[in-house]
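Peer 1: Got a sequence here, can you model it:
(chains A and B)
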Amino acid sequence: MSISLFIYSNRPSENFMASSASGEMSNAKWSMRVIMKVELYIAEKIKEALKNTYDQDATVFIEKPRQETWGDFATTVALGLAKTLRKAPRQIAETIVANIADEKKIFANVTIDGPGFINITLSQSWWQNTVLHIIETGERFGEDDWGNGQRINLEFVSANPTGPLNVVSARAAATGDVLVELLNKVGFAAEREYYINDAGRQIRLLGASVAARYMTLFNQKEDVPEDGYQGDYIIGLAEELKTEHGDKFVSYEKQERQSVLAKLALEKMIALHKKALHEYRIDYQTWFCESALRDKKSHFKIVEALKAKGLTYEKDGALWFKSSEFGDAKDRVLVTNEGEPTYFMVDIAYHQNKFDRGFEVLYDLWGPDHHGYIDRVSAALQALGHAKEEFNVRIIQQVNMLRDGELVKMSKRAGNIIEMNEVLQDVGIDAARFFFVMRKLDSPLDFDIDLAKKRSDENPVFYVQYAHARIVNVIQFAKENGLELDLTADLSLLTASEEIALIRKLNEYPNVVSTCARLMEVHHLPAYLMEVAAAFHSFYHNNRIVTDDRQLSNARMMLLEATRSVLVNGLKMLRISAPERM
RNA sequence: GCGCCAGUAGCUCAAUCGGAUAGAGCAACGGCCUUCUAAGCCGUAGGUUAUGGGUUCGAUUCCCCUCUGGCGUACCA
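Peer 2: Coordinates of the predicted model:
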């Protein structure tokens, strides 16, 4: 599909703004484009009017009026130009409206309201025709191409393989998964990546912890290190290793035993994580091991590069990076005075490696406890010659687990975390995924376990799924009564207020997808699906689909199918099932 | 102390660049099943957007002060 008619800005927010580029596009393509993005057509017409009257170029944003009765679309361009043109906004609006050339004849009503809003209502027939378009577009409805094929690497979860995945990971996992889906829907080439910290201090602690439990199983009491891992899963790991390897490691020298058991425990933990995430319907393109970087000495090459730029210095026996020269609050240590590379040092190499693999933009999803870490990584990447915009971190706020109305305190070392698997089993994957993407990333998410366990109407995911099941049921019923989908149905019969409202709602889908991708926020999508479900339930309740009036029934079957298509489309993005029966 | 995030209806949350009368769900109250799924629909009530200033035609949104909560402020990850 071509977008040559419009110049797409780097700022995705300007995508609904028409450029001044004129069209050599055929009328047929125009028409298709207009159906897909009527906002672009409206913006273009207003821009033309501005040019022809005030000889003014302006950014024309098309938005949805707060109240439906005001119109289908609105623009505040007249308000914005009041100062520049030194004229009353309403006067400007009147001039614009008088000079709009609606070649496609799709504007039914253009009004000026309030201080100078221009409200545009499209003809009923235009709306009705979108039903066929939605059905024919099917899975591709909502697609766009403003991502321009840019390669994005989205790294999320990347939990330490020293313990089970917890509920915070569950939120990040669902969010990252859906974000990639959304980005690709609008034309990016985004991939999912998981970074496995399979080296360093924490892994040594894991080995020591497992080794201690292992020895205890052979009645050789050994304490878990003070800063080691105390959780019961460590005992489980030790027992598994005993079953598989017997007392083989008892005779090992302590250090060697810890090292070997660390490796074995690590393999088990990583396998568990992969399995859990797969069952949670998340499949990564890349699982990247920290050890691979260390083996290749990539982190030392980074240090050399920084040294060559004169951005390092030694102090107190440690090697420092001048991150404060790139916006960080203070300089950071790369090599400790014990000669140990810091996590930070390896992490720089890791992010550089993503660029080396051809990614143009990096996104990381981190927990709130890591936000202080953003500036130093950003500084390092800038020092290596990358633009600030090429590395982005979205902080996903914490998840508060509530049980019996009480906040559950969690600590990984104390071992009383709530595991991701536990929640998924209680709540179900569909509901869990829906819950975890329902909130804005900046907001902490309260997860009431007892409430989520309830299989009741309080669960919003059921509301959406129920709408789908209902539609399927009606389609089945229609079939039994000799009524099949007829693409030539007369859509002009769809005139009931609930029908028009539903059609309008369905047409918001592409904008919802684009908005999510532009803002890197997922919560608009589940919210939208609930609105679609609500619009459908209302339509269903007030209008019978299968009636003696075959013409009308055919038209309503079309609307039903379009609704089903959008629901499936959206649920697919969330990777939530669309049950045919409930 | 400094930094990041948050503070909107009783509760959980929305509000798409700064736009019009701040919206949903749950809880509360009142209606609707002889008809394609009542996990549904319709209605009522609920607000000084934490506080005080500023910017402007217009502020939940941007800026500053104050208050409250979470997190961070390592040669841990």
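Peer 1: The residue most central in space within chain A: what's it in contact with?
Peer 2: Against the mean C-alpha coordinate of chain A, by C-alpha atoms, centre = their mean, the closest residue is A:Leu179 at 2.2 Å. A:Leu179 sits next to A:Leu154, A:Ala190, A:Tyr363, A:Leu365, A:Cys516, A:Ala517, A:Met520, A:Val522 when contact means C-beta atoms under 8 Å, 6 or more residues apart in numbering. In short, each C-beta sits where N, CA and C put it, glycine included.
Peer 1: Sticking with it, tell me its helix or strand.
Peer 2: Per DSSP states H and E, A:Leu179 falls inside helix A:167-185.
Peer 1: how long is stretch A:140-149 from one end to the other?
Peer 2: Counting by C-alpha to C-alpha, to the nearest Å, you get 16 Å between the two ends of stretch A:140-149.
Peer 1: which residue sits closest to A:Leu319, ignoring its sequence neighbours?
Peer 2: Setting aside the residues directly before and after it, A:Leu319 is nearest to A:Val335 in space (C-beta to C-beta, 6 or more residues apart in numbering), at 4.0 Å.
Peer 1: Could I get the contacting residues of that neighbour?
Peer 2: A:Val303, A:Ala318, A:Leu319, A:Pro341, A:Thr342, A:Met345.
Peer 1: which one of the contacts of A:Leu179 sits closest to A:Gln255?
Peer 2: Nearest to A:Gln255 out of the contacts of A:Leu179 is A:Leu365 (C-beta to C-beta; 36.4 Å).
Peer 1: for that closest one, which residues make a bridge with it?
Peer 2: Taking DSSP bridges, one obtains A:Arg394 as the residues bridged to A:Leu365.
Peer 1: What about it, how many residues nearby?
Peer 2: Residues within reach of A:Leu365, counting by other C-beta atoms under 10 Å, total 22.
Peer 1: Surely it and A:Ala159 touch.
Peer 2: No - with contact defined as C-beta atoms under 8 Å, A:Leu365 does not reach A:Ala159; the gap is 11.6 Å.
Peer 1: contacting residues around A:Asn184?
Peer 2: Counting by C-beta under 8 Å, 6+ apart, A:Asn184 has contacts A:Gly147, A:Ala190.
Peer 1: about what we covered before: how about the helix holding A:Leu179 against RNA strand B, any contact?
Peer 2: No - remark: helix A:167-185 sits outside contact range of RNA strand B, by C-beta under 7 Å from any atom of the strand, the gap being at least 11.4 Å.
Peer 1: what comes up buried for that helix?
Peer 2: Neighbour-count burial for helix A:167-185, counted by 16 or more other C-beta atoms under 10 Å, picks out A:167-185.
Peer 1: now do stretch A:89-106
Peer 2: Within stretch A:89-106, judged by 16+ other C-beta under 10 Å, the buried ones are A:Pro89, A:Arg90, A:Ile92, A:Ala93, A:Thr95, A:Ile96, A:Val97, A:Asn99, A:Ile100, A:Lys104, A:Ile106.
Peer 1: Turn these into JSON lines, columns for distance to A:Gln202 and pLDDT.
Peer 2: As requested, the buried residues of stretch A:89-106 are arranged in JSON lines below (distance: C-beta to C-beta, whole Å; pLDDT from 0 to 100):
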{"residue": "A:Pro89", "distance to A:Gln202": "61", "pLDDT": "89"}
{"residue": "A:Arg90", "distance to A:Gln202": "65", "pLDDT": "91"}
{"residue": "A:Ile92", "distance to A:Gln202": "63", "pLDDT": "92"}
{"residue": "A:Ala93", "distance to A:Gln202": "63", "pLDDT": "94"}
{"residue": "A:Thr95", "distance to A:Gln202": "67", "pLDDT": "93"}
{"residue": "A:Ile96", "distance to A:Gln202": "63", "pLDDT": "94"}
{"residue": "A:Val97", "distance to A:Gln202": "65", "pLDDT": "95"}
{"residue": "A:Asn99", "distance to A:Gln202": "67", "pLDDT": "94"}
{"residue": "A:Ile100", "distance to A:Gln202": "64", "pLDDT": "94"}
{"residue": "A:Lys104", "distance to A:Gln202": "62", "pLDDT": "91"}
{"residue": "A:Ile106", "distance to A:Gln202": "61", "pLDDT": "94"}
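Peer 1: of these, closest to RNA strand B?
Peer 2: Using C-beta to the nearest atom of the strand, A:Pro89 comes nearest to RNA strand B of the buried residues of stretch A:89-106, at 6.8 Å.
Peer 1: ok, and the closest non-adjacent residue to the closest one?
Peer 2: A:Gly116 (3.0 Å).
Peer 1: Please list which of the buried residues of stretch A:89-106 are also close to RNA strand B.
Peer 2: A:Pro89.
Peer 1: Take the buried residues of stretch A:89-106 and lay them out in TSV including secondary structure.
Peer 2: Formatted as TSV, the buried residues of stretch A:89-106 follow (DSSP: H, G, I helix; E, B strand; the rest coil):
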residue	secondary structure
A:Pro89	helix
A:Arg90	helix
A:Ile92	helix
A:Ala93	helix
A:Thr95	helix
A:Ile96	helix
A:Val97	helix
A:Asn99	coil
A:Ile100	coil
A:Lys104	coil
A:Ile106	coil
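Peer 1: ok so, going back, any chance of the contacts of A:Leu179 in a markdown table, with pLDDT too?
Peer 2: Listed next are these as a markdown table, based on pLDDT from 0 to 100:
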| residue | pLDDT |
| --- | --- |
| A:Leu154 | 97 |
| A:Ala190 | 97 |
| A:Tyr363 | 95 |
| A:Leu365 | 95 |
| A:Cys516 | 94 |
| A:Ala517 | 93 |
| A:Met520 | 93 |
| A:Val522 | 94 |
